[in-house]
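Trainee: Give me the fold of what follows.
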Amino acid sequence: MVKAKHFKTRLMASCVAVALSSVANAALVPFVDEFSTSQGAYVDADASGFTGGNTLPTTTTTLPPNVGADAVGGTIGSGDATILGGNRDMFVALAVDPGGAAPASIEVFTSAACPTGCLSFNNQSGSQSRGQVQWDGLNDVVEGTDGRAINYTGLSGVSFDPNGAFKVGVISADFGFRFDITLYTDDTHWTQVSLQSNLHTAFSETTIALAAFSQGFCDLPNAFPANTIPGLGAGWPLTTSFGVVNDINCGSGGAVDLNSIGAMVVDIDPLGETVDIDLRIDYIRTPVPEPGSVALLGAGLLGLFGVGRRFRKLA
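Mentor: Coordinates of the predicted model:
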């Protein structure tokens, strides 16, 4: 009877360890988009109605602007396993076209240069434009049938590792355009990290620390703290391998909760102020560190192995 009791205790402990390790791994999202599902091309050749990027959040009470009605784009995916939330919305809005014959475009496609798929944003010679990509689930009632409006809670609270980072596979990027990443928990809890791009002439995996989206770094550089952001170094301006940090803004209710992400939005040159942008991105990932969970899983499996051996002996 005592041996049987010990057997049950070990079995329960081992099962709990395996279950906990499984939950730990399942809770964190390891990617945003592999850009393997083609979309577009969306092309805007009319700059006359540009309204999508006239303002940017300069205080903690102003939401980052949606794309305007002039933007050209659409939505793709319903449960797509390669896209965060299973769905992607994508838009481009031409802001300036001096010659009247230099449209702007955004698309996800495959080619010899990116055989597994990539995101491409392009201003033709002399033109300026804004691009936006949204990952906010699929809800036509909230977003409209083209996905234009942002559903701030559409991802239903997925989690990113606060100690992790965005890993952005950059195939090529011009120098000096604004690149904003905004994470939302809802429309009052969000963080926008604005970057100024570095020149990338060959593929590189760039890193943007998720710690930058935490509450302690809101309203930068106006209130730069004495401590540093892990992965971003000390002092101002902060730097990443993608580019220099312009500023960090948060919602009226505070920063995003990285354990409850409702939407993610990337804005490419949101004011439409940079001429001749060319950007290609292979993927955006959020790798999940696993040492703790692997150790826990190993303990659970070893426990079950021992239980199995003990069970055979009892039999």
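
Trainee: Can you list the residue ranges for strands in the stretch 101-250 of the chain?
Mentor: Ranges of strands within the stretch 101-250 of the chain are 104-109, 118-123, 128-135, 165-173, 178-184, 190-197, 204-209, 243-250, based on DSSP state E, counting those that start in this stretch.

Trainee: Could you check the angle the longest one makes with strand 204-209?
Mentor: It refers to strand 165-173. 140 degrees (axes from the mean of the first three to the mean of the last three C-alpha atoms, to 10 degrees).

Trainee: With the fifth one instead?
Mentor: Using the same axes, to 10 degrees, the interaxial angle of strand 178-184 with respect to strand 204-209 works out to 50 degrees.

Trainee: so where do the helices sit in this protein?
Mentor: Listed in chain order, the helices of the chain (DSSP state H) span 2-27, 140-143, 291-314.

Trainee: Return the second one as CSV; C-alpha atoms alone will do.
Mentor: Presented in CSV, the C-alpha positions along helix 140-143 are these (Å, rounded to 0.1, in the frame of the first residue of the first chain):
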residue,chain,number,x,y,z
ASP,A,140,-15.3,42.5,-40.2
VAL,A,141,-17.7,44.2,-37.9
VAL,A,142,-15.0,46.1,-36.1
GLU,A,143,-12.4,46.4,-38.9
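
Trainee: Show me which residues of that helix are buried.
Mentor: residue 143 (16 or more other C-beta atoms under 10 Å). All C-beta atoms are positioned from the backbone trio N, CA, C, and that covers glycine.

Trainee: what about the stretch 101-250 of the chain, any weak spots by pLDDT?
Mentor: Along the stretch 101-250 of the chain, segments meeting pLDDT under 70 span 221-237.

Trainee: For stretch 191-203, give me every contacting residue.
Mentor: 56-57, 64, 169-183, 206, 208, 212-214, 218, 240-251, 255-256, 279, 282 (C-beta atoms under 8 Å, 6 or more residues apart in numbering).

Trainee: Now, of these, which are buried?
Mentor: Buried subset of the contacts of stretch 191-203 (neighbour count, 16+ other C-beta under 10 Å): 56-57, 64, 169-174, 177-183, 206, 208, 212-214, 218, 240-243, 245-251, 255-256, 279, 282.

Trainee: Count the residues that sit near the closest residue to residue 286 other than its chain neighbours.
Mentor: Closest residue to residue 286 apart from its sequence neighbours, by C-beta to C-beta, 6 or more residues apart in numbering: residue 160 at 5.2 Å. Counted by other C-beta atoms under 10 Å, the residues lying close to residue 160 total 25.
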